[in-house]
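*Asks:* no sequence on this one, just coordinates:
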């Protein structure tokens, strides 16, 4: 498994990370080792095996259909980097 | 050092109940011990001294309440669990300024039971690591040797409990993060079954693997904490709607191990195990036999694939879970960006440490178009085979026994340049998280060469914490007690 630096840059962009080139090069080499190790799963015959995504399978939990006010707006906004007192404020989008 | 500090959690609880000790005296003893040992250990990111004293005074003023099973007991909480009004960083710079407005469910239950939170314990950033060296704040030292790591990711919890800074702590275990630091520091660490304890308020890493559990100095203490935090919670849909067993009664009912069959997975007792670890663990199994246990060889044939399957699942879930840290609703925002997507990327790049970035990126990769089937789906299939292996093995015995870590605590810095090598250290703990089963590490004495603690892992059937704790307690009491750790004696 070869991971060229431009592939590492593409993954970083997907993950919303902006990393310097030396770090991308370091990570790319480490990813080769790690993904190479993971490739040994190819040895296992999994024909017909249902994937197991969680130990809590088939868990559908219903709660009572009752409205509940659990949090206050002020509390939710208290940790935000920027608000106008009512909403979160973010930099321009386009 | 105050004599109070050398009590166990249950020992202190009984003294508090009898009115022989005040809650304030217990808290003051812990705070004094923290002050004396923190310069050497750095186990806690935040010490909440004033609030702890105030809470203890409140409890004393109201008087002992038999309805509160942890009345006045000082505890530490891993900094991955939200604590109302108390800074919660996950050992990450991206949460440097985060003060939650609600308690994690497990924390709320401890407080309701009368426990007093004295501090928030150090950890690997977002619980990603096996040595606590990935903390963005401080390097926690092993209480037995300050040159060595305490294990991870709940290294601060394990070091704090072992050094007698508190009477118990909560940790979290995604791939061994409770059991491995417990083993490396020489305390008890219990990972409950997936779904036994609500994950509400636990900052998510691998949601299908994460579980909260106690770190304590005895098995009885672990049972006492589990009894409080376990049980259904409507705020976590994966938390099982099952009654909680009477763990204290289960412990009392097992004076020896006659009638108990312990399975020894051949894949856990062969190559790759350090000599002094192997020696201590075989002696522990002999002790179990001496208590009347029968041992049988069993097999977990897919064990060699567990690390690969685990890291694919864990990193995939991490890349999704950590998408929430975007500088909008909480955490640190990079001030330089003029546009939204750029703000996300700058904030995440400055806020996350290397290991977190590495895992997010690999997780993103294995979930990306064209790779999903080869990696994530394949890992999920192997996961089922691993769980089936455990089911077959546990049909032949009551519990499984094996190592926690292939080696004792290593020197600080020894593995930081090679992430894959560090991942391979998790070989004996991760398969249990994939299968969702409970496991516990109990101290089996000190290694002959390093003089460092070695833990034995016992693993049980899903939701049979009562059976697992009972066997662990009986064996724990018969194994050597290493006493007060050298580096903080």
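*Replies:* Cool, got the structure. Keep in mind that what you see is a predicted model, and the values were worked out from it rather than measured. Numbers count the residues shown, from 1 in each chain, chains lettered A, B, ... in the order given.
*Asks:* the element among helices and strands of chain B having the smallest mean pLDDT packs against which elements?
*Replies:* Least confident helix or strand of chain B, by mean pLDDT, DSSP states H and E, is helix B:419-424 with a mean of 88. Contact partners of helix B:419-424 among helices and strands, from 3 or more Cβ pairs under 8 Å, 6 or more residues apart in numbering or on different chains; DSSP states H and E: helix A:21-38, helix B:306-321. Placement of C-beta: from N, CA and C, glycine included.
*Asks:* what's the closest non-adjacent residue to the residue in the stretch 301-450 of chain B that chain A sits nearest to?
*Replies:* Chain A sits closest to residue B:436 of the stretch 301-450 of chain B, with a gap of 2.5 Å, by Cβ to the nearest Cβ. Leaving aside its sequence neighbours, residue B:436 sits nearest to residue A:55 (Cβ to Cβ, 6 or more residues apart in numbering or on different chains; 2.5 Å).
*Asks:* need the contact list for the one you found.
*Replies:* Shown in contact with residue A:55 (Cβ atoms under 8 Å, 6 or more residues apart in numbering or on different chains): B:193-195, B:208, B:387, B:435-436, B:462.
*Asks:* OK, contacts around the residue nearest the centre of chain B?
*Replies:* Nearest to the mean C-alpha position of chain B, counting by Cα atoms, centre = their mean, stands residue B:178 at 2.0 Å. Counting by Cβ under 8 Å, 6+ apart, residue B:178 touches B:154, B:157, B:171-172, B:189-191, B:213-215, B:441.
*Asks:* what's the answer for residue B:417, then?
*Replies:* If you count contacts by Cβ under 8 Å, 6+ apart, residue B:417 has none.
*Asks:* ok but it is inside a strand, no?
*Replies:* No - secondary structure of residue B:417 (DSSP: H, G, I helix; E, B strand; the rest coil): coil, not part of a strand.
*Asks:* distance of the residue most central in space within chain A from chain B?
*Replies:* Nearest to the mean C-alpha position of chain A, counting by Cα atoms, centre = their mean, stands residue A:15 at 7.3 Å. Between residue A:15 and chain B the computed distance is 4 Å (Cβ to the nearest Cβ, to the nearest Å).
*Asks:* point me to the helix or strand that includes the residue of chain A found nearest chain B.
*Replies:* Of all residues in chain A, residue A:55 sits closest to chain B, at 2.5 Å by Cβ to the nearest Cβ. Counting by DSSP states H and E, no helix or strand carries residue A:55.
*Asks:* now it: how far from residue B:95?
*Replies:* 28 Å (Cβ to Cβ, to the nearest Å).
*Asks:* and the helices in the stretch 1-150 of chain B, which stretches?
*Replies:* B:9-17, B:23-41, B:49-62, B:105-112 (DSSP state H, counting those that start in this stretch).
*Asks:* mind giving me the packing neighbours of the last one?
*Replies:* Applying 3+ Cβ pairs under 8 Å, 6+ apart, we find helix B:105-112 packed against strand B:74-78, strand B:116-121, strand B:169-172, helix B:219-229.
*Asks:* same question, the second one
*Replies:* Using 3+ Cβ pairs under 8 Å, 6+ apart as the contact definition, the elements that helix B:23-41 packs against are helix B:9-17, strand B:44-47, helix B:49-62, strand B:74-78, strand B:116-121.
*Asks:* pick the most deeply packed of these.
*Replies:* Using mean count of other Cβ atoms under 10 Å in any protein chain shown, the stretch among the helices and strands packed on helix B:23-41 with the largest mean neighbour count is strand B:74-78, at a mean of 30.
*Asks:* now stretch B:353-367, how far from the centre of its chain.
*Replies:* Put simply, stretch B:353-367 sits 23 Å off its chain's centre (Cα atoms, centre = their mean, to the nearest Å).
*Asks:* in chain A, what spans have low per-residue confidence?
*Replies:* Low-confidence segments of chain A (pLDDT under 70): A:1, A:58-59.
*Asks:* okay, and the residue of it most remote from its centre sits in which element?
*Replies:* Computed with Cα atoms, centre = their mean, the residue of chain A farthest from its C-alpha average is residue A:66, at 31.8 Å. Residue A:66 belongs to no helix or strand when assigned by DSSP H and E.
*Asks:* for residue B:201, see how far away it is.
*Replies:* 22 Å.
*Asks:* flag every residue of the stretch 51-200 of chain B that's near chain A.
*Replies:* By the rule Cβ under 8 Å from any Cβ of the partner chain, the part of the stretch 51-200 of chain B lying against chain A is B:97-102, B:193-195.
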